[in-house]
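**Student:** predicted model and sequence below, questions to follow.
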Amino acid sequence: MSTLLSIVIRDGLESDLAACLALDHRYDTDHVWQMTVNEQPGDYQISFKTQRLPRTLEADYPADEYRLRLALPPDQCFLVVASKDGQGILAYLTMRTDPAYRMARIQDMVVSRPFRRRRIGTRLVNVARQWAKEHGLDQLTAEMDTRNYPAIVFCRTAGFTFCGYNDQYFPNQDIALFFGQSLR
């Protein structure tokens, strides 16, 4: 596969949903963020520690058609990366807005396995930032689970900082981590 890849980032359409869901959503990780809760009377201490796994874990990112459909209206953000040379959809990003708090939350960002490490994710986040600014939003947040260490590293590299968690956020009750950045 050549190192040069000609792509276009565009608004996602309903007709793109099947191609997005068909992408290889799996990821490998050697680390997780381990959460520890220490509760004393009147005192809660919660900490996260990067924990090395005894072996590489292959995890499947939970693609969800309903979540993709929620990003289709024009006041939400659904971006796809398409190859100009006919390879189809290579990646996508969904971002939901909350105008009351002038923020946007990246819920999904998937780059198909064969196309990772080519700065596609960075380009997607840059377009999402611009979209959010154009829609008058001041804050950008990304969500992921504690096992998705590649996403944690990516967010930190992209300028996001850890800003919170929810210990039963996802439908399977997994812990969600939130990383945010100001758009001002």
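**Tutor:** Looks like it came in fine.
**Student:** show me what the longest helix along the chain is packed against.
**Tutor:** Counting by DSSP state H, the longest helix found in the chain is helix 120-134. In terms of contacts (3 or more C-beta pairs under 8 Å, 6 or more residues apart in numbering; DSSP states H and E), helix 120-134 is packed against strand 7-11, strand 77-83, strand 89-98, strand 103-111, strand 139-145. All C-beta spots, glycine's among them, are computed from the backbone N, C-alpha and C.
**Student:** would you format those strands as TSV with distance to residue 21 included?
**Tutor:** Shown next, in TSV, are the helices and strands packed on helix 120-134 (distance: least, C-beta to C-beta, whole Å):
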stretch	distance to residue 21
strand 7-11	17
strand 77-83	12
strand 89-98	9
strand 103-111	10
strand 139-145	19
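**Student:** for stretch 129-136, buried residues please.
**Tutor:** 129, 131, 132, 135 (16 or more other C-beta atoms under 10 Å).
**Student:** same question, stretch 25-34
**Tutor:** 25, 27, 29, 31, 32, 33.
**Student:** secondary structure class for the last one?
**Tutor:** Classification of residue 33 by DSSP: H, G, I helix; E, B strand; the rest coil places it in strand.
**Student:** so it makes contact with residue 46?
**Tutor:** No. Taking contacts as C-beta atoms under 8 Å, residue 33 lies outside contact range of residue 46: 11.6 Å.
**Student:** distance between the ends of stretch 133-147?
**Tutor:** 30 Å (C-alpha to C-alpha, to the nearest Å).
**Student:** check stretch 96-108 too.
**Tutor:** First-to-last residue span, stretch 96-108, C-alpha to C-alpha: 10 Å.
**Student:** now residue 22: how far from residue 59?
**Tutor:** Taking C-beta to C-beta, to the nearest Å as the measure, residue 22 falls 18 Å from residue 59.
**Student:** can you list the low-confidence ranges for this protein?
**Tutor:** For the chain, the stretches with pLDDT under 70 are 1-4.
**Student:** okay, and the beta partners of residue 89?
**Tutor:** Taking DSSP bridges, one obtains residue 82 as the residues bridged to residue 89.
**Student:** my read: it touches residue 18, true?
**Tutor:** No. Counting by C-beta under 8 Å, residue 89 stays clear of residue 18, with 9.3 Å between them.
**Student:** count the neighbours of residue 127 for me.
**Tutor:** Residue 127 has 16 neighbours, counted by other C-beta atoms under 10 Å.
**Student:** surely it touches residue 79?
**Tutor:** Yes. The criterion here is C-beta under 8 Å, and residue 127 meets it with residue 79 at 5.9 Å.
**Student:** what touches both of these two?
**Tutor:** Here residue 127 and residue 79 have 9, 93 as joint contacts, going by C-beta atoms under 8 Å, 6 or more residues apart in numbering.
**Student:** next, give phi and psi for the residue in the chain sticking out farthest from the centre.
**Tutor:** Here the centre of the chain is the reference, and by C-alpha atoms, centre = their mean the most remote residue is residue 41, at 36.3 Å. Torsion angles at residue 41 (phi, psi; degrees, to the nearest 10) stand at phi -50, psi 120.
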